[in-house]
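Q: coords below, sequence missing:
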């Protein structure tokens, strides 16, 4: 089954986005919902409760932002013997530490940060910042830009400490930041003055 919702940020709170399909004679309903800023997926087996049945499934939930995506796989048995005919996967499942760490790369980091910021996932944001601090091969000026956009203070401090030449400052200024906070502007001005006094 596949359900495409154009933009998560434009989804109405508590509105159900769903699709119902039949596979191998079994009706299923897939639902995506944002409730109180939290994204969740629900899969329900709509098989008759008058029969005894059990179905093994392999589920994959995927959230994409541009070219980046996060997915979560689950093996699940649906059956009606104890009313176990539904499955829910929430944002926290997608942002679990193991899953997140397996997707962190320089080409995915900004998309993951965007999703984590959109859904206010502080653990995911912290993991992304740790990746940028320890593993990323991005240029210092790019990391500084990301730190300002997502308010990553530890990363910002490290980037500012790595500025050692006037060309470092020029590379930062050439990025044409949308916004730069006052403390960063002051730090760059201070470093410029230090370099000009040498």
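A: Yep, it's here. Here the structure is a predicted model, which means the values were calculated and not measured. Residues are numbered from 1 along each chain as shown.
Q: residues in contact with residue 7?
A: Contacts for residue 7 (CB atoms under 8 Å, 6 or more residues apart in numbering) come out as none. C-beta: built from backbone N, CA, C; applies to glycine.
Q: From residue 125, how far off is it?
A: To residue 125, residue 7 is 21 Å away according to CB to CB, to the nearest Å.
Q: do you know how far the closest residue to residue 46 other than its chain neighbours is from residue 20?
A: By the measure of CB to CB, 6 or more residues apart in numbering, the closest residue to residue 46 outside its immediate chain neighbours is residue 27, 4.0 Å from it. Going from residue 27 to residue 20 by CB to CB gives 6 Å.
Q: and if you look at residue 181?
A: 48 Å.
Q: before we move on, what about residue 198?
A: Between residue 198 and residue 20 the distance is 70 Å, computed by CB to CB.
Q: Check residue 118 too.
A: According to CB to CB, residue 118 stands 28 Å off from residue 20.
Q: Which one's more surrounded, these two?
A: The residue with more neighbours, out of residue 118 and residue 20, is residue 118; 15 against 12, by other CB atoms under 10 Å.
Q: pretty sure that one contacts residue 10?
A: No. Counting by CB atoms under 8 Å, residue 118 does not reach residue 10; the two are 11.2 Å apart.
Q: report the longest helix in the chain, please.
A: Longest helix in the chain, counting residues (DSSP state H): helix 182-196.
Q: Residue 136 - nearest residue in space that isn't next to it in sequence?
A: What sits nearest to residue 136 in space, not counting adjacent residues and going by CB to CB, 6+ apart, is residue 106, at 5.6 Å.
Q: Secondary structure class of the one you found, three-state.
A: coil (DSSP: H, G, I helix; E, B strand; the rest coil).
Q: Mind picking out the helix or strand in this protein with the poorest mean pLDDT?
A: Here the helix or strand of the chain ranked lowest by mean pLDDT, DSSP states H and E is helix 91-94, holding a mean of 60.
Q: can you list the domain ranges for this protein.
A: Annotated domains of the chain cover 8-91, 97-197 [the TED database].
Q: for those domains, which one ends up most surrounded?
A: domain 97-197 (a mean of 16; mean count of other CB atoms under 10 Å).
Q: any chance you could map the helices in the protein?
A: For the chain, applying DSSP H gives helices covering 91-94, 97-103, 109-118, 122-134, 140-150, 153-161, 166-173, 182-196.
Q: Packing partners of the fourth one?
A: In this case it means helix 122-134. helix 97-103, helix 109-118, helix 140-150, helix 153-161 (3 or more CB pairs under 8 Å, 6 or more residues apart in numbering; DSSP states H and E).
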